[in-house]
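Novice: based on what follows, work out the 3D shape:
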Amino acid sequence: QVQLVESGGGLVQAGGPLRLSCTASDSVIRFNFMGWYRQAPGKQRELVADVGRYGTTNYADSAKGRFTISRDNGRNTVVLQMISLKPEDTAVYYCSAYLYSNDYNYWGQGPQVPVSS
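Specialist: Numbers count the residues shown, from 1 in each chain. This is a model prediction of the structure:
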C-alpha cells in the first residue's frame with residue numbers, strides 16, 4: 001500500500017507564501033501523475049496542479065502564476081510552492097498519486113491551509 005505523507009500546512013496571512021511537501025513510500029517514478037488537490041468547506045475537491053512522470057505540469061486557472069509544482073524523483077517528493085496566497089485559497093490540500101495501470105489514485109491525509117485576511 002502506497003503512503004503519501006504531507007507536510008507544510010498551517011495558518012498563513014494573505015499575501016504570504018507557503019510550501020507543501022509530499023513524500024511517497026514508493027518511487028514516484030511509478031506514478032503517471034502526482035499532484036495537489038484542495039477542498040474548501042462546502043465545496044468539491046478540485047485539482048490545483050499536477051505533474052506528469054516526465055515533468056509536464058498542469059495548473060488550475062486559480063493557481064497559474066502563483067503556484068509552482070515540482071517533482072524530485074530521487075527523493076520521492078512532490079512540492080507545491082505557493083505565493084501571494086488569498087483567503088479563497090483556504091482549504092484542505094491533498095497530495096495525490098495516480099497510476100494508469102490500475103486506474104487508481106492514492107491520497108495523502110490532507111493538511112489544512114487557512115489563509116487569514
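Novice: strands of this protein, start to end?
Specialist: 4-7, 12-13, 18-24, 33-39, 46-52, 57-59, 67-72, 77-82, 91-99, 104-107, 112-113, 115-116 (DSSP state E).
Novice: these into TSV, with extra columns for mean neighbour count and mean pLDDT?
Specialist: Backbone N, C-alpha and C define where each C-beta goes, glycine included. Output for those, formatted as TSV (neighbours: other C-beta atoms under 10 Å; pLDDT from 0 to 100):
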stretch	mean neighbour count	mean pLDDT
strand 4-7	18	96
strand 12-13	14	96
strand 18-24	20	96
strand 33-39	22	97
strand 46-52	19	97
strand 57-59	15	97
strand 67-72	18	96
strand 77-82	22	97
strand 91-99	21	96
strand 104-107	14	94
strand 112-113	16	95
strand 115-116	15	96
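Novice: what is the end-to-end distance of stretch 5-24?
Specialist: 6 Å (C-alpha to C-alpha, to the nearest Å).
Novice: touching it from outside, list them.
Specialist: If you take C-beta atoms under 8 Å, 6 or more residues apart in numbering as the criterion, stretch 5-24 is touched by 2-4, 25, 31, 34, 36, 75-87, 93-95, 97, 108-117.
Novice: please redo it, this time with the cut-off set to 7 Å
Specialist: Residues from elsewhere that reach stretch 5-24, judged by C-beta atoms under 7 Å, 6 or more residues apart in numbering: 2, 4, 36, 76-87, 93, 95, 97, 108-109, 111-117.
Novice: also stretch 65-74?
Specialist: By C-beta under 7 Å, 6+ apart, stretch 65-74 touches 28-29, 34-36, 48-51, 55, 57, 59, 78-84.
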